[in-house]
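# below: sequence and its predicted model.
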Amino acid sequence: MEKKNEEVSEPSIIVKSVARVVFPLAFTYGVYIFVHGHLTPGGGFQGGTIIASSIILLYLGFGRLKISETLVTALESLAALCFIGLGCIGIIKGGNFLWNAVGLGEQGTLLSAGILGPIYVAIGIKVGTELTSIFNNMRRKSYEY
């Protein structure tokens with residue numbers, strides 16, 4: 001394949017303005033979805049995709065935004081370790097993997113689902129960093145061809 005030597009155009013002021021306004025709202029909504037996933041429809045995967053989409057929107061709005069691959073990889077690995085650690089708590093307490101060893105709180109409250117809330121947070125971070133990493137790799141590869 002031949003390398004294409006195309007210049008990437010600067011995003012318009014409209015795209016920059018929309019990205020500046022929508023990014024914090026979308027990011028916060030993504031966090032809300034995976035933190036409250038055990039109380040409402042949604043959870044870690046849905047919240048993670050919303051967060052990754054908001055980061056991609058930020059890149060599209062401001063062009064050459066550098067996404068640290070080291071930070072993304074570290075967060076991705078940390079989220080996976082948290083998920084495995086939460087799963088192993090059940091084994092340590094004499095149950096199965098991902099067994100709810102901490103009990104349930106008051107119904108309808110944020111901490112009412114035992115370890116399900118922290119599991120959704122770990123999944124949300126894992127999915128968000130995975131999708132950001134996929135976008136980053138696709139973006140990098142597109143500049144090579």
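Here it is on my side, so go on.
# give me the element C88 is part of.
Per DSSP states H and E, C88 falls inside helix 69-92.
# elements contacting that helix?
helix 116-144 (3 or more C-beta pairs under 8 Å, 6 or more residues apart in numbering; DSSP states H and E). Yep, even glycine has a C-beta here, placed from its N, CA and C like the rest.
# tell me which residue is most central in the chain.
With distances taken as C-alpha atoms, centre = their mean, the residue of the chain nearest its centroid is G128 (2.0 Å).
# and that one, what pLDDT?
At G128, the model reports a pLDDT of 91.
# likewise for K16?
pLDDT at K16 comes out at 89.
# before we move on, what about E2?
pLDDT, E2: 51.
# which residue is the nearest non-sequential neighbour of K126?
Nearest residue to K126 in three dimensions, chain neighbours excluded: A79, at 3.9 Å (C-beta to C-beta, 6 or more residues apart in numbering).
# is F97 in a helix, a strand, or coil?
Three-state assignment for F97 (DSSP: H, G, I helix; E, B strand; the rest coil): coil.
# okay, now S17: neighbour count?
12 (other C-beta atoms under 10 Å).
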